[in-house]
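Peer 1: have a look at this prediction, sequence included:
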Amino acid sequence: MRLFPWLAALLLCSCVADVPQRVSTAPPPAIRPAPPATPAPPTLLQQLSDAAPAADPAVLALALRARRCAAGAEVGTGSTLGVIDYSRPSTQRRLWVFDMAAPRLLYSEYVAHGRGSGENLARHFSNDDGSLQSSLGLFRTAETYVGDNGYSLRLDGLEPGVNDHARDRALVMHGAWYVDPALAATQGRIGRSLGCPALRPTVAHALIDSLKQGQLLFAYYPDAQWLQDSRFLHCEPARTAAEPRIGFHAASR
């Protein structure tokens with residue numbers, strides 16, 4: 001029997017459609033996870049904060065800013081940075097000394113303030129001789145000598161009207177028996193100086209040697225006028241995101 005051509009074509013298509021399709025059993029290509037992002041290296045502020053976790057990061061940020069401004073003013077920065085936080089009571093460690101090359105913490109210490117500055121908490125600061133008050137701001141360390149208080153370190157204040165009378169006032173770093181936290185049990189504070197940042201005698205010599213001859217010492221207190229006017233805090237156009245904002249809460253600690 002002769003089939004019409006269109007019927008033959010239809011039968012052929014039906015046969016082809018009935019052939020089972022071969023399904024691939026090969027596994028799908030593996031998806032490789034994206035490589036982990038390389039963490040950003042820690043900032044200098046992060047490194048100092050990690051080395052001295054008890055220190056206020058906002059105060060350390062100001063100290064670093066003052067150090068950068070000193071470099072820009074061709075004052076020099078040295079390889080060591082001392083930071084005093086006078087907003088803390090005298091019964092707490094409030095002096096930190098950093099080796100900036102590493103960077104690493106060298107000392108975390110008690111430090112006295114002047115009799116005229118206050119009792120356990122320093123409240124008043126001056127640049128005037130006879131005030132018996134401590135001075136704020138950025139200092140450059142100078143020569144050592146042996147005087148009435150033993151081994152001592154001269155300080156040159158870098159901020160006119162704030163601390164530039166430090167050498168004439170003989171505000172020096174030295175050891176003193178009254179820098180003793182045990183005194184707090186009887187009088188509520190350690191002893192006070194005539195304005196000098198005095199230290200415990202057992203650490204004074206070594207600490208002074210780490211800071212002598214052209215290093216920087218930064219003394220902080222949330223004094224509104226000084227924070228607003230200091231040329232070492234305002235040489236940069238803006239605060240970086242890595243620097244915490246300075247507030248005035250620290251004075252109440």
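Peer 2: Structure received.
Peer 1: spatially speaking, which residue is in the middle of this structure?
Peer 2: With distances taken as CA atoms, centre = their mean, the chain has Leu60 as the residue nearest its mean C-alpha position (2.6 Å).
Peer 1: residue contacts, it?
Peer 2: The contact partners of Leu60, by CB atoms under 8 Å, 6 or more residues apart in numbering, come to Leu45, Leu48, Ser49, Ala52, Val83. C-beta coordinates here come from the backbone N, C-alpha and C atoms, glycine included.
Peer 1: those residues into a markdown table, with extra columns for distance to His205, pLDDT and neighbour count?
Peer 2: Formatted as a markdown table, the contacts of Leu60 follow (distance: CB to CB, whole Å; pLDDT from 0 to 100; neighbours: other CB atoms under 10 Å):
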| residue | distance to His205 | pLDDT | neighbour count |
| --- | --- | --- | --- |
| Leu45 | 30 | 98 | 19 |
| Leu48 | 24 | 98 | 24 |
| Ser49 | 28 | 98 | 18 |
| Ala52 | 22 | 98 | 20 |
| Val83 | 20 | 98 | 25 |
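Peer 1: which of these lies closest to Tyr221?
Peer 2: Val83 (12.2 Å; CB to CB).
Peer 1: which secondary structure elements does the helix or strand hosting that closest one sit against?
Peer 2: Val83 is part of strand 80-85 when elements are defined by DSSP states H and E. Identification of packing neighbours for strand 80-85 by 3 or more CB pairs under 8 Å, 6 or more residues apart in numbering; DSSP states H and E yields helix 57-72, strand 95-99, helix 201-211, strand 216-220.
Peer 1: mind checking which of those is nearest His165?
Peer 2: Going by CB to CB, the one of the helices and strands packed on strand 80-85 nearest His165 is strand 216-220, 14.1 Å.
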